[in-house]
Structure formats: structure tokens, C-alpha cells
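Participant: Pasting a predicted model and its sequence here:
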Amino acid sequence: PAAAGAVGVRDEGQGTSTGHGQRVAHIDVVVRPHCEAPVRRHRDQAERHRVGVVDGSASAADGEAEHPQVGPERPGRPHAPAAADWDRAVAEWEAVRSDPDAVYDDVVRIDGASIEPVVTWGITPAQSTPVGAALPAPEQFAADERLLIDEAYRYMQLTPGTPLRGTRIDVAFIGSCTNGRVSDFEEVVRHLRGGGFTVAAHVKALVVPGSQAIRKELIRRGYDQIFRDAGFDFREAGCSMCLAMNPDQLVGDQLCASSSNRNFKGRQGSPTGRTLLMSPVMVAAAAIAGEVTDARELFHLSEKGEV
């Protein structure tokens, strides 16, 4: 079952604001368990943006509902408060919870399961589209954006109006500080394990943990062998192909499915190399299919009741 976590901004009589001069709506997010998106409350962030949790509910993959990801009950979290410090921290976090009778300017409800996976097609992270959609025509953009749109299509060697899905890739990269956490690799392994999946013969697939601590944990869990068995190269921790560190670089105009967060020209080492940003699970699916594809279908998520 889905769990609803309502996040809002308290109206202090001057309207609702982020502190940046922008009006903000109350947001009610419906999260499916497989999305692994627990509500995380942090005092400083809450005070800075004046955000509070209305009902305090959340659903994590392991079923923990209260204070997920932190606390003395979660071993291996050296910076989490413990004992009396934990109780004091919880009291401080609860102090910035939105009042039960808080009034919001707007209410927006989003069902995470209905959001189609998104992939970039251009040379900025903003140039993206749902994986099943056709690439947008330049005419769909404002006049002052069209020069950049035309430049992006020329550089990426893509054609407006054609589907991005089915585009052949050369390299797949799962890593970076953005998507190289234990939870990212855990989600990929969850779909790989026992499925008999193998990286396409023509694809070079790299798995790079975001830190040494993360790499040790992945090895402790046996994830390194699961990746290797599926044909991924399990590498040392570091930045790797996010910014073309050491030998981890594209060659020529190779096309890379990447879980990093930047797709600028030359970002992955080659001045003509091309980058398609997507989630770790989508990168894994592309590596296996040898082309951009919908991970929901490749991993049969609908049959598992996860869509």
C-alpha cells in the first residue's frame, strides 16, 4: 500500500514563502514502497525553508515508518544522535512540525508511481523527456532557447520527433556522489538478483561507489559479486566518469547512459562524448538492453506489482 507524507509550509500571516520570495504550495506526496523515498526531517533545513511534516507518515523499503534512516536503532550511522541526544533531537524536529490546523495556499498531490522515468537528451540537465516520449521539436521552446536546442541536437546527433527509447549506448556508468550511495546500488541489485540479466556485449558498464565506506559496505553485502556476475566492472570508489577521472573517460563520440548529474559537452572526458542522464536502475536497464529502455518493462515491475 502507498503511504502519504504531507509536506507543507506554515502561513505566518504573510502568505507562504520559501524565504526566497517564492510562493509555495502544500505538497501531499504519495510514495510507493519500492520508490524508497522516506520523509527526512532536518531541523536546519526545516527552519531555513519553513517546511514541516503535516502527518509525519512515511514508508521506507524496510518498513520503518518513524524516523527512517537515522537514530540509535540504525547501527553504522556514526553521526546520528544517540540516547539522550536522540530524544533531544526528536523534540527539536517535532517543534517545527506544521500545526494540524495549518492553512495552505494550494494542495498538490503527486503519485510517484505514475511518473514515467525521465532521461536527458541534450547538453544541460534541463533538456530531458520521459523515456517513452518523442524528442521535442525546437518550435516547442521559447525563441531565446532555440539556438541552444539546435546546438544540443547537433552535438548529441539526435533528431527531433524521434523516440529516445531504442537509442544504442556504448557505455553505462552507475556512480557519482549523486547516485553512488548504498541505497542506489541496493535498488539496482534488487532488480538484478536472480534475474539472469547480463550486460550487452557491446556495452562497457562501470559501477563506482561514491566513497570507500560505501564500497566496503557493498562488498560486505556481496553486491560486488552480483554486479560482476551480470557483467559490470566493479571499480574503486571515486568520481570516475562523472567528470572523467583517471582512465574512466569516453572515447570519441561514444554515448553514455550515466547516473551522474551533469551532461555538459566534454563532461565525461571526450570533447565529442555524449551523455544521457538517468537513474541508476535506468542505467542498469540500458546496459543490459544495450540501448535506452524503460526499466519498468525490462525488469517486469508491473508483474511484480511495483508499478
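Facilitator: All right, it came through fine.
Participant: how much space between the closest residue to L250 other than its chain neighbours and Y155?
Facilitator: Counting by Cβ to Cβ, 6 or more residues apart in numbering, L250 lies nearest to G273, which is 3.2 Å off, once chain neighbours are set aside. The way it works is simple: take the backbone N, C-alpha and C, and place the C-beta from them, glycine included. Here G273 is placed at a distance of 10 Å from Y155 (Cβ to Cβ, to the nearest Å).
Participant: now P209
Facilitator: Computed with Cβ to Cβ, the distance linking P209 and Y155 is 30 Å.
Participant: shaky segments in the chain?
Facilitator: 1-76, 305, 307 (pLDDT under 70).
Participant: Just give me the longest helix of it.
Facilitator: When every helix of the chain is counted residue by residue (DSSP state H), the longest turns out to be helix 83-95.
Participant: buried sites along that one?
Facilitator: Neighbour counts using 16 or more other Cβ atoms under 10 Å place 86, 89-90, 93 of helix 83-95 among the buried residues.
Participant: now do stretch 141-155
Facilitator: Counting neighbours by 16+ other Cβ under 10 Å, the buried set in stretch 141-155 is 148-149, 152-153, 155.
Participant: Show me which of the residues you listed is closest to T120.
Facilitator: Proximity of those to T120, judged by Cβ to Cβ, is greatest for A152, which lies at 9.6 Å.
Participant: show me what contacts the nearest residue to that closest one once chain neighbours are set aside?
Facilitator: When the adjacent residues along the chain are set aside, A152 lies closest to G122, with 3.5 Å between them (Cβ to Cβ, 6+ apart). Listed by Cβ atoms under 8 Å, 6 or more residues apart in numbering, the contact partners of G122 are 128, 149, 152-153, 156, 263.
Participant: quick check, nearest of those to L277?
Facilitator: The nearest one, if we look at these relative to L277 and count by Cβ to Cβ, is N263, at 5.1 Å.
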